[in-house]
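*Asks:* A predicted structure for the sequence below; I have some questions about it.
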Amino acid sequence: MSSELSAIIESIIFTADSPLSLDRLCDLLTEFERSVIKTTLAELVDQHQGRGGGFELVEVAGGWQFRTPPSLQSYITRHIKSRAAKFSQSALETLAIIAYRQPVTRAEVEHLRGVDCGGVLKSLLEKNLVRILGKKDIPGRPLIYGTSKQFLEIFGLKDLKSLPTLKEIKALDEQPLYERQEELQLEPGKPVPVESDLPFD
Amino acid sequence: MSSELSAIIESIIFTADSPLSLDRLCDLLTEFERSVIKTTLAELVDQHQGRGGGFELVEVAGGWQFRTPPSLQSYITRHIKSRAAKFSQSALETLAIIAYRQPVTRAEVEHLRGVDCGGVLKSLLEKNLVRILGKKDIPGRPLIYGTSKQFLEIFGLKDLKSLPTLKEIKALDEQPLYERQEELQLEPGKPVPVESDLPFD
Amino acid sequence: MSSAPHHRQDENLPLLDGFHEQYSVHLEKFDGPMDLLLHLIKKNELDICDISIAVITRQYLDFIKIMKELNLEVAGDFLVMAATLLQIKSRQLLPLDEQEEPDAEEVDPRNELVRRLLEYQQYKEAGMVIGARALLGREVFVRTAADPLLTAAQNVEGPLEVTLFELVDAFRLLLQRIPVESFHDVAPGETLSIADCINEILSLLQEREMVQFDDLVRDDFTRERVIVSFLALLELCRLKLIRIFQGSEHGSIWFIPAVAADSSEVESE
């Protein structure tokens, strides 16, 4: 077995997001013989089986994939369960409104977002990102919300003053004043061949 | 080394979607001693190195992650689209300034580069390579920027300290890194071979 | 230059097509005036620490002239540098003012530029070095498949992962969806808003139990600041979020939180 081919197959299966069939592997690796690929695959399966590590190479759904053995599931779920949760768009929006508009009532948040925010608000309170500041002195005495100390900690902010303002974010798009004032083009109608400089493709 | 612990650690790192720190592993595996976890990790690194397989265990962004070796790139990209980014010179310069000088303001970056950096900065923020650290305690309270964890992950750095020092970079420059930078021709008429922005591709 | 607008080449005059293509190739190489200066210094084999301003300035201005002749946009940044070069050149020509302190720093008008060039050169090289690394997603890859056994185990109660930029951006996008009249103080303007000041006070009260009015205006003791801070205090008082008291007549104004937040009192559906 070519140990180079073995590494190549392993890396392709490792990075694939679904099981890879032998046919697919042969299509990708035309410089190798189908029979050699097949043998190498079988050897890889044995190798990982023998290692008794945290994952193995198994045949599923007509293809090959690395999977963790069921015996380790209880350890892995410890991690999966406790890992950082991504913010939902509605949680992010609600939090943003509270951060920038505090002190704010639930009705005000809902007016801005145009949807009911009870559930999101409750979960933000439970996560300790938002706190109740008190009650507003208007009919119905609604609760007033603001951000918590934990909010500052999560975003690494010294205080609420350190929250970037919208103006500051918008300002990134704007050209500096002196550039706009310069009369740069001799003939305004002509196109400029200098490429815009996008940093990424 | 407990081969069971070895398999457990391997499986947790394998299924995690970002590098896992030693601290995090110890939090998850309270039934094992920190020192044992640490030794097992080091043994795992060696084991995968020795295997010469399609992926290796590397320390990056303060944690551990399985990654493919760069040498297999050409095979992997046959079935996976290269997601990242060709960085423009401006993006790299700006990123370098932020990485080495952080915390740094936009004005400081622009002073060093001599050009407006708003667009580049915004794009680096959107790509999550750069983050807002807060505001500087000087008049005008400008935003201060630093690099993100994602920056370390993408550039394969263990931590900020493992960035090559500017001194080391200077030493590199004594070697003909620059030779491939072509001469500028001021006289029109001669065609110039189009080259990519970066001397490395 | 990050600001150069992108136009389609094919709208150009056919006669100039060739020129433009060639020069756009050159010009893209220069990532601003510092980059161009470094190039000129290298090309002339000058020592950065002892550059001939006369030579560099002439070539730099020639370059800008060519850009203009070719009708390329010359960004303001390039013109600013041209002005700096000319200023240094003129200062070199002037006899030293007797009155002026012969401050060592001031002796050579090139010093500041040299310092910037050296520093810029370092970062330009650092950029190339980091850009040459094996990048995740380009040369190096990680596993992308989710283990089907485990995806069901996802839990939303874990710690949260979000960046400040995402938060601001969410708010920015939200504002774009909403009619302007919903907001009283988003309009850009240099003036200090009462809302900002309220945030500041709330943030101070997160740090300590009792705050003095003077602390609010200490860093920025202006008429506007004092008035806005005071209005913010009154507003917070009206909302019954703080209590204000004064130690003595004309003494300092102090304020404390009026209520201890009771988080059990959540509005339910």
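*Replies:* Great, that's in hand. Keep in mind the model is a prediction, meaning the values are calculated, not measured.
*Asks:* Where do the helices of chain C begin and end?
*Replies:* Here chain C has its helices, by DSSP state H, at C:17-28, C:33-43, C:53-69, C:76-93, C:104-107, C:111-131, C:148-151, C:164-177, C:194-207, C:213-217, C:223-238.
*Asks:* low pLDDT regions in chain C?
*Replies:* For chain C, applying pLDDT under 70 flags the ranges C:1-29, C:71-73, C:95-107, C:146-161, C:178-191, C:219-221, C:247-250, C:259-269.
*Asks:* Could you measure from residue C:69 over to chain A?
*Replies:* The gap separating residue C:69 from chain A is 9 Å, by Cβ to the nearest Cβ, to the nearest Å. Heads up, the C-betas are built off the backbone N, CA and C, glycines and all.
*Asks:* I'd like to know how many residues surround that residue.
*Replies:* By other Cβ atoms under 10 Å in any protein chain shown, 12 other residues sit near residue C:69.
*Asks:* just residue A:25 next, same as before
*Replies:* As a burial measure, residue A:25 scores 23 neighbours (other Cβ under 10 Å).
*Asks:* Check residue C:245 too.
*Replies:* The number of residues packed near residue C:245 is 11, by other Cβ under 10 Å.
*Asks:* quick revisit: include distance to chain B when you put the helices of chain C into TSV, please.
*Replies:* Formatted as TSV, the helices of chain C follow (distance: least, Cβ to the nearest Cβ, whole Å):
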stretch	distance to chain B
helix C:17-28	5
helix C:33-43	4
helix C:53-69	6
helix C:76-93	4
helix C:104-107	18
helix C:111-131	3
helix C:148-151	6
helix C:164-177	5
helix C:194-207	11
helix C:213-217	15
helix C:223-238	13
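*Asks:* Adding distance to residue B:167, write those helices out as a markdown table.
*Replies:* Output for the helices of chain C, formatted as a markdown table (distance: least, Cβ to Cβ, whole Å):
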| stretch | distance to residue B:167 |
| --- | --- |
| helix C:17-28 | 30 |
| helix C:33-43 | 19 |
| helix C:53-69 | 27 |
| helix C:76-93 | 28 |
| helix C:104-107 | 25 |
| helix C:111-131 | 9 |
| helix C:148-151 | 46 |
| helix C:164-177 | 32 |
| helix C:194-207 | 41 |
| helix C:213-217 | 44 |
| helix C:223-238 | 46 |
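*Asks:* buried sites along stretch A:108-125?
*Replies:* Buried residues in stretch A:108-125, counted by 16 or more other Cβ atoms under 10 Å in any protein chain shown: A:108, A:109, A:110, A:112, A:113, A:117, A:120, A:121, A:123, A:124, A:125.
*Asks:* do stretch A:55-69 as well
*Replies:* In terms of neighbour count (16+ other Cβ under 10 Å), stretch A:55-69 has its buried residues at A:55, A:56, A:57, A:63, A:64, A:65, A:66, A:67, A:68, A:69.
*Asks:* Is chain B within reach of the helix or strand containing residue A:153?
*Replies:* Under DSSP states H and E, the secondary-structure element containing residue A:153 is helix A:149-154. No. Shown here: helix A:149-154 not in contact with chain B (Cβ under 8 Å from any Cβ of the partner chain), separated by at least 9.9 Å.
*Asks:* Check which helices and strands that helix is in contact with.
*Replies:* Using 3 or more Cβ pairs under 8 Å, 6 or more residues apart in numbering or on different chains; DSSP states H and E, the elements in contact with helix A:149-154 are helix C:194-207.
*Asks:* Pull the helix it packs on out as PDB, backbone CA atoms only.
*Replies:* Only the C-alpha atoms of helix C:194-207 are listed here, as PDB (Å, rounded to 0.1, in the frame of the first residue of the first chain):
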ATOM      1  CA  ILE C 194     -29.500  62.400  26.700                       C
ATOM      2  CA  ALA C 195     -29.800  58.700  25.800                       C
ATOM      3  CA  ASP C 196     -26.000  58.400  25.700                       C
ATOM      4  CA  CYS C 197     -25.800  60.100  29.000                       C
ATOM      5  CA  ILE C 198     -28.400  57.800  30.600                       C
ATOM      6  CA  ASN C 199     -26.300  54.800  29.400                       C
ATOM      7  CA  GLU C 200     -23.300  56.300  31.000                       C
ATOM      8  CA  ILE C 201     -25.000  56.800  34.300                       C
ATOM      9  CA  LEU C 202     -26.500  53.300  34.200                       C
ATOM     10  CA  SER C 203     -23.000  52.000  33.500                       C
ATOM     11  CA  LEU C 204     -21.500  53.900  36.400                       C
ATOM     12  CA  LEU C 205     -24.200  52.500  38.700                       C
ATOM     13  CA  GLN C 206     -23.200  49.000  37.700                       C
ATOM     14  CA  GLU C 207     -19.800  49.600  39.000                       C
END
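*Asks:* is it true that residue A:170 touches residue C:173?
*Replies:* No. Between residue A:170 and residue C:173 there is no contact under Cβ atoms under 8 Å: 11.9 Å.
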